[in-house]
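Participant: need a structure here:
(2 chains)
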Amino acid sequence: DTGVSQDPRHKITKRGQNVTFRCDPISEHNRLYWYRQTLGQGPEFLTYFQNEAQLEKSRLLSDRFSAERPKGSFSTLEIQRTEQGDSAMYLCASSPGRTLNYGYTFGSGTRLTVV
Amino acid sequence: AQSVTQLGSHVSVSEGALVLLRCNYSSSVPPYLFWYVQYPNQGLQLLLKYTSAATLVKGINGFEAEFKKSETSFHLTKPSAHMSDAAEYFCAVSRDNFGNEKLTFGTGTRLTIIP
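Facilitator: Here you go, the predicted model:
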């Protein structure tokens, strides 16, 4: 199966530690998105890549957050100095082109718990 | 700015009964509307999308939705509920800007099926 893969599925970390998540999109999908979903809420947009270029970042993405997509393939999302408010499900999605034509394919997410 | 409102955070229906999940949108430009389903500990799966073609949209698993501009609504229906329909459902809106077609999600409706 060549769906969107996210690693790890679950991460528990102590407050103040750094964490990094990985997303492998469907191959040849040039668009990659990160969303954050907190309990009882819908996903919220964090950032977007077109190939290797990060084209937009939400105001939700504080300076403790950084995302990369080297070579336009996999992407990583790093959170530095984690806070309890960072506890959430982090979802990655990819698309081969216009969302209106293809929609997104979401991964299963990485659930982060900051203790 | 675009937004969606999902009326009813929890909906319960009997197996075999009609499913109706409500979504109202707000958009200053012609909207593009989506319904996604999320099963526990999984990512989101696209059910259907409206992109300014037919106002009655058919999706997977027997779901359909009707775009009503006069009511700014995009309600999701299914004639006969199955136990496997139990999940969380999200309505989302986007706009066609040929670039970052990020989705703005509602807060979700949890559907419970009563045997």
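
Participant: Mind checking if the helix or strand containing A:E56 is in reach of chain B?
Facilitator: In the assignment (DSSP states H and E), A:E56 maps to strand A:53-57. Yes: contact of strand A:53-57 with chain B (C-beta under 8 Å from any C-beta of the partner chain) involves A:L55, A:E56. Yep, even glycine has a C-beta here, placed from its N, CA and C like the rest.

Participant: I'd like to check which residues are in contact with the spatially most central residue of chain A.
Facilitator: Residue closest to the average C-alpha location in chain A (C-alpha atoms, centre = their mean): A:W34, at 3.3 Å. For A:W34, the contacting residues are A:C23, A:F45, A:L46, A:T47, A:Y48, A:A67, A:S75, A:L77, A:Y90, A:L91, A:C92, by C-beta atoms under 8 Å, 6 or more residues apart in numbering or on different chains.

Participant: any idea how far it lies from chain B?
Facilitator: Per C-beta to the nearest C-beta, to the nearest Å, A:W34 is found 10 Å from chain B.

Participant: Helix, strand, or coil at that residue?
Facilitator: strand (DSSP: H, G, I helix; E, B strand; the rest coil).

Participant: Quick check: nearest residue in space to it, chain neighbours excluded?
Facilitator: A:L46 (4.2 Å; C-beta to C-beta, 6 or more residues apart in numbering or on different chains).

Participant: Could you say which helix or strand holds the one you found?
Facilitator: strand A:44-50.

Participant: Please state the offset of that strand from the chain centre?
Facilitator: 8 Å (C-alpha atoms, centre = their mean, to the nearest Å).

Participant: What of stretch B:92-111?
Facilitator: 10 Å.

Participant: same thing with stretch B:49-66?
Facilitator: In this view, stretch B:49-66 has its centroid 10 Å away from the chain centroid, taken as C-alpha atoms, centre = their mean.

Participant: Let's see that stretch as CSV, backbone CA atoms only.
Facilitator: Extracted in CSV, the C-alpha atoms of stretch B:49-66 (Å, rounded to 0.1, in the frame of the first residue of the first chain):
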residue,chain,number,x,y,z
LYS,B,49,-16.8,16.9,-2.3
TYR,B,50,-18.7,19.7,-3.9
THR,B,51,-16.8,21.8,-6.5
SER,B,52,-19.5,23.8,-8.2
ALA,B,53,-20.8,21.1,-10.5
ALA,B,54,-23.9,19.2,-9.6
THR,B,55,-25.5,20.4,-6.3
LEU,B,56,-26.3,16.9,-5.3
VAL,B,57,-23.1,15.0,-4.6
LYS,B,58,-22.9,11.3,-4.1
GLY,B,59,-20.0,9.9,-2.2
ILE,B,60,-18.7,6.6,-0.9
ASN,B,61,-20.5,4.2,1.5
GLY,B,62,-24.0,5.4,0.4
PHE,B,63,-23.6,9.0,1.6
GLU,B,64,-24.7,12.0,-0.3
ALA,B,65,-24.9,15.8,0.3
GLU,B,66,-26.8,18.6,-1.3
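
Participant: May I see the buried residues of it?
Facilitator: Across stretch B:49-66, burial judged by 16 or more other C-beta atoms under 10 Å in any protein chain shown covers B:K49, B:Y50, B:T51, B:V57, B:G59, B:F63, B:E64, B:A65.

Participant: touching chain A at all, that stretch?
Facilitator: Yes: shown here: stretch B:49-66 in contact with chain A (C-beta under 8 Å from any C-beta) through B:K49, B:T51.
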